[in-house]
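Asker: One predicted model, sequence on top.
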Amino acid sequence: MNQSLTYYLTLLVIKLKGIKKNFSTDPIDFKRLRKEDVYEPKSGFFKENITRNFEISKSLITEIGKKNDSDKLLIFIHGGAFISGPAKHHWDTIKTIVKQTRYTVWLCNYPKAPEHKILEISENIDSIYKEALKNYTSSKISLIGDSVGGTLITALIQRLHIKNEQLPNKIILISPVMDSSMTNPDIDKVDLMDPMLSKVGLLSAKKMCVGNLDLKNPMISPLYGDFKNFPETILYITESDITYPDQKLLVEKLKIANVTMKLKEDKNMPHIWPLLPIMKEAKLSLKEIIKDLNTIS
């Protein structure tokens, strides 16, 4: 399949911004990455549709909705290698979702490494979901996360299953990081072609986050956890992403566990491509995500 002109423009922008270069240092420069963070979007849409800001544990939650008393909640756990975010593309994605669905969205700005470690971050994610259950039935809650946002969601579901607690309707994982140890030998091959990420920087960020735990602990590497009784899982992955080799192992584990799964696999897209601006392929993928969200009555 031929790629669009906007695909090549996106790759050029990624290169000009030096994103891969920023992910090629050890230690990774988290302060530099945070310069792209956006905590309060300034557009008129958000001024009209942010219904409230509130805190759960140490996380700042921004609630966005069209004031239609929706009974459906989408919990958005953003990516950023555990050390940064949310970024503009997260807010842009939420804007499109709110416009085209009847969801209320919670954008979750959780604590970041290196100041905070995975144990505390995970406790925050648990608290957010617990609070959501006070106002929404579990069958009306979905979660979406890109990169380490997908990590946090997957690990949350594993903990909920262990505790025999209510699970959400579905989860959408976009380029999730499944193994923070980065020990899969196939990663080195993909690193040569990945236009956005590098193993060196990504591993550095994970080490900043892990604290006293092992990098293969399921809390930060859910590939090593249990996938029984997972809710419907929608997965976006691409072969040119260094997180892809571990995502393929995830797919096999989901199949073995008989999880209802929808797999969207591409060959040439960059990491988290459904959330990237401008690109035609991203808009088509986001359209599919919105369609899947709208299947909940």
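Answerer: Sure thing, it's come through.
Asker: from memory residue 149 sits against residue 75, does it?
Answerer: No - Residue 149 is beyond contact range of residue 75, at 9.9 Å (criterion: C-beta atoms under 8 Å). No exception for glycine: its C-beta is placed from N, CA and C like everyone else's.
Asker: More neighbours: those two, which one.
Answerer: Ranked by neighbour count (other C-beta atoms under 10 Å), residue 149 and residue 75 place residue 149 first, with 31 against 27.
Asker: What sits closest to the more buried one if chain neighbours are left out?
Answerer: Counting by C-beta to C-beta, 6 or more residues apart in numbering, residue 77 is the residue found nearest to residue 149 once chain neighbours are left out, at 3.9 Å.
Asker: how close does residue 12 sit to residue 195?
Answerer: Using C-beta to C-beta, to the nearest Å, we find residue 12 at a distance of 10 Å from residue 195.
Asker: more crowded one of the two?
Answerer: residue 195 (17 against 11).
Asker: Could you look up the SS state of residue 203?
Answerer: Of the three states, residue 203 takes helix according to DSSP: H, G, I helix; E, B strand; the rest coil.
Asker: Could you pull up the residues touching it?
Answerer: 26, 180, 181, 182 (C-beta atoms under 8 Å, 6 or more residues apart in numbering).
Asker: Phi and psi next, for the second one.
Answerer: For residue 180, the backbone dihedrals (degrees, to the nearest 10) come out as phi -70, psi -10.
Asker: Then the third one?
Answerer: Note on residue 181: backbone dihedrals following degrees, to the nearest 10 are phi -70, psi -20.
Asker: same thing with residue 257?
Answerer: With angles defined as degrees, to the nearest 10, residue 257 sits at phi -80, psi 0.
Asker: Now it: closest residue in space, sequence neighbours ignored.
Answerer: Nearest residue to residue 257, sequence neighbours excluded (C-beta to C-beta, 6+ apart): residue 227, at 4.1 Å.
Asker: separation between the nearest residue to residue 89 once chain neighbours are set aside and residue 70?
Answerer: Distances taken as C-beta to C-beta, 6+ apart place residue 275 nearest to residue 89, at 4.8 Å, with adjacent residues excluded. From residue 275 across to residue 70, the span is 22 Å (C-beta to C-beta).
Asker: Neighbour count for those two, which is higher?
Answerer: More neighbours surround residue 275 than the other of residue 275 and residue 70, with 26 against 17 (other C-beta under 10 Å).
Asker: Touching, that one and residue 174? I think so.
Answerer: Yes - between residue 275 and residue 174 there is a contact under C-beta under 8 Å: 6.5 Å.
Asker: Find the residues that touch each one of the two.
Answerer: Common neighbours of residue 275 and residue 174 (C-beta under 8 Å, 6+ apart) are residue 146.
Asker: which residues of this structure score low on pLDDT?
Answerer: Within the chain, the ranges that satisfy pLDDT under 70 run 1, 67-68, 297.
Asker: Mind doing that once more with 80?
Answerer: 1, 67-69, 296-297 (pLDDT under 80).
Asker: Could I get the buried residue list for stretch 187-200?
Answerer: Applying a neighbour-count criterion of 16 or more other C-beta atoms under 10 Å, one finds 187, 190, 191, 194, 195, 196, 197, 198, 199 buried in stretch 187-200.
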